[in-house]
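1. next comes the sequence, and after it the predicted model I'd like to discuss.
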Amino acid sequence: MRVPFAIGCGCLFAACSAPSAEQVNDTETEDSNVLLDTDSGTVAVDTDLTDTDIVDTNLDTDMDTDVDTDVAWVDPCVDWSTGVCEIADVGLELIPVATPGANGLTVHPTTGDVYLVLNGADFWCSGQPDGDATYAETLSIIDGSTATEVANVPTDPGPVWPIVDVARDRVYVAASGAGGTIVAHDPATGSALETWNLGGRPHDMGLDVQGSTMVVSNTYDMSQTYVSVWDLDDEVELSHPAVPGLPHKIVVDDDERVAYVVSLGAGEITAIDLVTGQVVDTLSSGDIPQTSGMVFSPSRRILYVGKTAGTTPEEGNTLVAVDVDTGQIVGTTGTFLPNVSTPTRPWQMALDDETGLLYAALANSSSVIVVNVDTMTPVGLIEVDTCPWAVVLDVDRGYGYVSHNEAATVARFDLDKVTSALE
């Protein structure tokens, strides 16, 4: 039983309100340990556990008021105004890395190793550098089997996202600094092997796993209004289709060999054929123009897009579901307000396609929000470290990883523990 999680909130899918002592009538139900407020319907727990009609393997057999230490008791409702509750036990580990300043990260599907880019700047959330500190711009390698950083090697300026190319045994880094390059690294040692200049300021990449093409978004300023389609075998640019300003996150439909690119300023999604390198469709993600992260569900054939508007959380933070076959918006979470006093947004995210749980890093917080995409409902919060930037999942090994822009750590959590807590 997961009693502490259930009774601490009891409202994962609906708005919560914390009951006060005055609100609770002392009218007991058949089980005298549960007090029911007959006016509001809220439930409180009586600390007198002397009744022997409660059967719970998490409670001491002598039925005193102590709780066994195998249950981590916390108040799981971080923000009672929304009913989004902190999950008490996700098996969280904080893995030390060389410096703060992380952006994107990825997992090698074969080895389980994690690749993290550290871009030399750690003020994504605060807006201010950490004193006068500057850091090297590097690629970090974390051994997934030991949860330790095993290498930290130089890469080109302004690294934003890494991606693993299993077929060519490479890890590519999109570096958006002066010159703008793609750097190919050895996945075992991290050594830089090749560097390509594609003429823009690369932000993210999408691979055709059935072929040799890679789509690269160019996002340094509004002058970058195209993507590059690059042939990895011949090392030539095949095309550079025009897209709305600030092309940002890229996700790939491996089966259909189509890349989807979301433009940060316009909120428009451009579909690019990975075989021909040409634009085949454009999709709208709705009225809120500012977009951030995006993920694709192969089984649902839906894109989930993070949206941000205004300067306060109330002004439009949401997730939008876009059907790639019809082009229609088929769901939204509505505005949700995590427990932060400064503006936040669902930033870079990852999806467990089997469970339907989406994990989004929340800027200006220390939380990852968990969303059930089948109901488009926020269902939990995972507390991590300062200023989470991105989430990646290693579903085969049962882990989620979170990068932090303002902490020299990577968080790792247990996917099964999250799923069990939300059942």
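-> Yep, that arrived. Please read all numbers here as calculations on a predicted model, not as lab measurements. Numbers count the residues shown, from 1 in each chain.
2. going forward, measure contacts between C-alpha atoms and count neighbours the same way
-> OK.
3. quick check: W389 touching W347?
-> Yes. Counting by Cα atoms under 8 Å, W347 is a contact partner of W389 at 6.7 Å.
4. tell me which of these two has more neighbours.
-> A direct count of neighbours by other Cα atoms under 10 Å for W389 and W347 places W389 higher, at 29 against 23.
5. ok, now which ones touch that one?
-> W389 is in contact with A102, N103, G104, W347, Q348, A361, L362, A363, V402, S403, H404, N405, counting by Cα atoms under 8 Å, 6 or more residues apart in numbering.
6. now with 7 Å?
-> N103, W347, Q348, A361, A363, S403, H404, N405 (Cα atoms under 7 Å, 6 or more residues apart in numbering).
7. min pLDDT across those residues, which one?
-> Across these, the smallest pLDDT goes to A363, namely 78.
8. any weak-confidence spans in the protein?
-> Applying pLDDT under 70 to the chain flags the ranges 1-84, 122, 124, 126-133, 220-222, 309-316, 335-344.
9. show me where it has its helices.
-> Counting by DSSP state H, the chain has these helices, from start to end: 3-9, 415-421.
10. before we move on, back to that, shared neighbours, W389 and W347?
-> In contact with both W389 and W347: A361, A363, using Cα under 7 Å, 6+ apart.
11. which residues does V370 form beta bridges with?
-> As for beta bridges, V370 partners with Y359, G380 under DSSP bridges.
12. residue contacts, T386?
-> Here T386 is in contact with S365, S366, H404, E406, A407 (criterion: Cα under 7 Å, 6+ apart).
13. distance between the ends of stretch 85-102?
-> Stretch 85-102 has its terminal residues 27 Å apart, counting by Cα to Cα, to the nearest Å.
14. wait, I meant stretch 137-155
-> OK, stretch 137-155 end separation, Cα to Cα: 6 Å.
15. and stretch 411-420, by the same measure?
-> Stretch 411-420 end-to-end distance (Cα to Cα) = 19 Å.
16. other residues contacting it?
-> 90-95, 384, 398-403.
17. same thing with stretch 104-118?
-> With contact meaning Cα under 7 Å, 6+ apart, stretch 104-118 is reached by 101-103, 137-144, 159-164, 390, 392, 394, 403.
18. in it, which residues are buried?
-> 104-109, 112-118 (16 or more other Cα atoms under 10 Å).
19. report the two of these separated the most.
-> The largest separation in the buried residues of stretch 104-118, counting by Cα to Cα, is between P109 and L118 at 21.1 Å.
20. so what's I141 up against?
-> D113, V114, Y115, L116, E149, V150, A151, N152.
21. quick one: contacts for P202?
-> A174, A175, S176, G180, T181, V216, S217, N218, T219.
22. quick check, nearest of these to P187?
-> The shortest approach to P187 among the contacts of P202 belongs to A174, at 15.1 Å (Cα to Cα).
23. what's the spacing between P388 and I382?
-> 11 Å.
24. same drill for these two, tell me which one is more crowded.
-> P388 (32 against 22).
25. who are the contact partners of that one?
-> A361, L362, A363, S366, S367, V402, S403, H404, N405.
26. how does it look with 6 Å?
-> Going by Cα atoms under 6 Å, 6 or more residues apart in numbering, P388 touches A361, S403, H404.
27. that one and A184: what is the separation?
-> 26 Å.
28. would you map the strands across the stretch 301-423 of the chain?
-> With DSSP state E, counting those that start in this stretch as the criterion, the stretch 301-423 of the chain has strands at 302-308, 318-323, 329-332, 346-352, 357-362, 367-372, 377-383, 388-394, 399-404, 409-414.
29. would you turn those into JSON lines with distance to G293?
-> Converted to JSON lines, the strands of the stretch 301-423 of the chain look like this (distance: least, Cα to Cα, whole Å):
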{"stretch": "strand 302-308", "distance to G293": "5"}
{"stretch": "strand 318-323", "distance to G293": "9"}
{"stretch": "strand 329-332", "distance to G293": "15"}
{"stretch": "strand 346-352", "distance to G293": "4"}
{"stretch": "strand 357-362", "distance to G293": "8"}
{"stretch": "strand 367-372", "distance to G293": "13"}
{"stretch": "strand 377-383", "distance to G293": "16"}
{"stretch": "strand 388-394", "distance to G293": "9"}
{"stretch": "strand 399-404", "distance to G293": "14"}
{"stretch": "strand 409-414", "distance to G293": "19"}
